[in-house]
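> here's my sequence, what's the structure:
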Amino acid sequence: MFTRRLFVPCALCAVTGFVGSEANAQAAQQSATPAATPGLTRRILQQTEGPAAGYVTLLVAVEIEPNATVARHTHPGIESAYFLSGGGELAVKGRSNQQVKAGDGIQVPPETPHSLKNGAEPTKIVVTYVVEKGKPLASPAPEGA
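Residues are numbered from 1 along each chain as shown. As a prediction, this is how the structure comes out:
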């Protein structure tokens, strides 16, 4: 009887903890997922707390449809990207436009407006973002900003 009295509350705590952890993970992923951009798909592969308090590191698979334009936007932290396939013209504020292709790596500083005009093939990119926790992963950046 004594064992059963301890087992039931412990089991309830364990189940509640698992459900709570899953809910926290889903909430974190939703806050990190930007608003839909036509022709662009982002899929979070990994998410890790840090490198410092108040930050999160995201590993993201990005796919861009042929001839799509990723509108000018910013991120609340650094973006490091490696192009697996495809490519296009990358515009980063303060830099000359550059052609990017499979095998290229780029970095965009925090809060720096940038855009991409994709080429005729689908583009696949692996991106690491180190961003402030709780902020949207991407925010629109109007021309002139």
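> how many neighbouring residues does the closest residue to Leu58 other than its chain neighbours have?
Take Leu58 and drop its neighbours on the chain: the residue closest to it by Cβ to Cβ, 6 or more residues apart in numbering is Tyr129, 4.6 Å away. Using the backbone N, CA and C atoms, a C-beta is placed for each residue, glycine as well. For Tyr129, the count of nearby residues is 25 (other Cβ atoms under 10 Å).
> restricting to C-alpha, output the host helix or strand of Tyr129 in PDB.
According to DSSP states H and E, Tyr129 maps onto strand 123-132. Extracted in PDB, the C-alpha atoms of strand 123-132 (Å, rounded to 0.1, in the frame of the first residue of the first chain):
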ATOM      1  CA  THR A 123      18.400  26.200 -53.800                       C
ATOM      2  CA  LYS A 124      19.200  24.200 -50.600                       C
ATOM      3  CA  ILE A 125      21.000  25.900 -47.800                       C
ATOM      4  CA  VAL A 126      22.100  24.800 -44.300                       C
ATOM      5  CA  VAL A 127      22.000  27.800 -41.900                       C
ATOM      6  CA  THR A 128      23.100  28.300 -38.300                       C
ATOM      7  CA  TYR A 129      21.400  31.200 -36.500                       C
ATOM      8  CA  VAL A 130      22.600  32.400 -33.100                       C
ATOM      9  CA  VAL A 131      19.700  34.700 -32.000                       C
ATOM     10  CA  GLU A 132      18.200  36.300 -29.000                       C
END
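> buried residues in stretch 48-63?
The neighbour-count check on stretch 48-63 (16 or more other Cβ atoms under 10 Å) flags 55-58, 60, 62-63 as buried.
> which residues are contacting that stretch?
The contact list for stretch 48-63, computed with Cβ atoms under 8 Å, 6 or more residues apart in numbering, reads 28, 32, 40-47, 77, 81, 122-133, 137.
> check the offset of it from the chain's centre.
8 Å (Cα atoms, centre = their mean, to the nearest Å).
> what does the average pLDDT come to for that stretch?
Stretch 48-63 carries an average pLDDT of 96.
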